[in-house]
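Engineer: Attaching a predicted model along with its sequence, questions to come.
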Amino acid sequence: SQQGEEDPQALSIQEGENATMNCSYKTSINNLQWYRQNSGRGLVHLILIRSNEREKHSGRLRVTLDTSKKSSSLLITASRAADTASYFCATDRGSTLGRLYFGRGTQLTVWP
Amino acid sequence: DAMVIQNPRYQVTQFGKPVTLSCSQTLNHNVMYWYQQKSSQAPKLLFHYYDKDFNNEADTPDNFQSRRPNTSFCFLDIRSPGLGDAAMYLCATSRDLGQGNEQFFGPGTRLTVL
């Protein structure tokens, strides 16, 4: 079964604006990862945040994690048309066996 | 460049006709995964190999099998494809199991069942 839900399911913004996507999950976790998928392609790893971390940055990406609320957010600042893609969060459900369980994703469209 | 390669990118098969999808990697990673992704849905883990050890997800149908003849290659066999098996099939690798291992994905094979 699906691990989490991303919110919103679809997001449409103009270039230069910030995009915020949220992810909720149901079980304990060791870490949470965010991936991007361009249309009809494989997934690309963006960032990993461990359960003892609250915030992490990578370039224009900022990820937060609130384990008490079982939620995470991905912020993309100063968005570009090339950021148009689906964004998925994935967790390990507390397992150390390397499996990842993905949410349904947020489809982000950035208009030039 | 080190990468994960999937062939073919598009596969059309007939209802009930066995089909094999292939994945190869030049990353020399220990773990290889197969995911099924239906339209607008989350990628769903089918199974994975840690080296030669096969690990099936509990809800993966028996219709789906996998082989890993060596470190570089992994195959997904669908014995009798049904219309509900039409999906994108994603292969991924990771260096190891355990916490915090990033997964590297191939471009996927889109399977159509007629």
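Structural biologist: It's in.
Engineer: For the nearest residue to residue B:65 once chain neighbours are set aside, pull up the helix or strand it's in.
Structural biologist: Excluding the flanking residues, the one nearest residue B:65 by CB to CB, 6 or more residues apart in numbering or on different chains is residue B:77, at 4.4 Å. (C-beta placed from N, C-alpha, C; glycine too.) Using DSSP states H and E, residue B:77 maps to strand B:73-78.
Engineer: Enumerate every residue touching residue A:8.
Structural biologist: In this structure, residue A:8 makes contact with A:21, A:22, A:106, judged by CB atoms under 8 Å, 6 or more residues apart in numbering or on different chains.
Engineer: one more time with 10 Å
Structural biologist: A:20, A:21, A:22, A:106, A:107, A:108 (CB atoms under 10 Å, 6 or more residues apart in numbering or on different chains).
Engineer: next one: residue A:65
Structural biologist: By CB under 10 Å, 6+ apart, the neighbours of residue A:65 are A:23, A:29, A:31-32, A:49-56, A:71-73.
Engineer: Just the element for it, please.
Structural biologist: strand A:61-66.
Engineer: Can you dump the C-alpha atoms of that strand in PDB for me?
Structural biologist: Provided in PDB are the C-alpha atoms of strand A:61-66 (Å, rounded to 0.1, in the frame of the first residue of the first chain):
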ATOM      1  CA  LEU A  61      15.900  23.000  -2.500                       C
ATOM      2  CA  ARG A  62      15.000  23.200   1.100                       C
ATOM      3  CA  VAL A  63      13.500  20.200   2.900                       C
ATOM      4  CA  THR A  64      12.000  20.100   6.300                       C
ATOM      5  CA  LEU A  65      10.900  17.200   8.400                       C
ATOM      6  CA  ASP A  66       8.600  17.100  11.400                       C
END
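Engineer: re earlier: give me the buried entries from the contacts of residue A:65.
Structural biologist: A:23, A:29, A:31, A:32, A:49, A:51, A:56, A:71, A:72, A:73 (16 or more other CB atoms under 10 Å in any protein chain shown).
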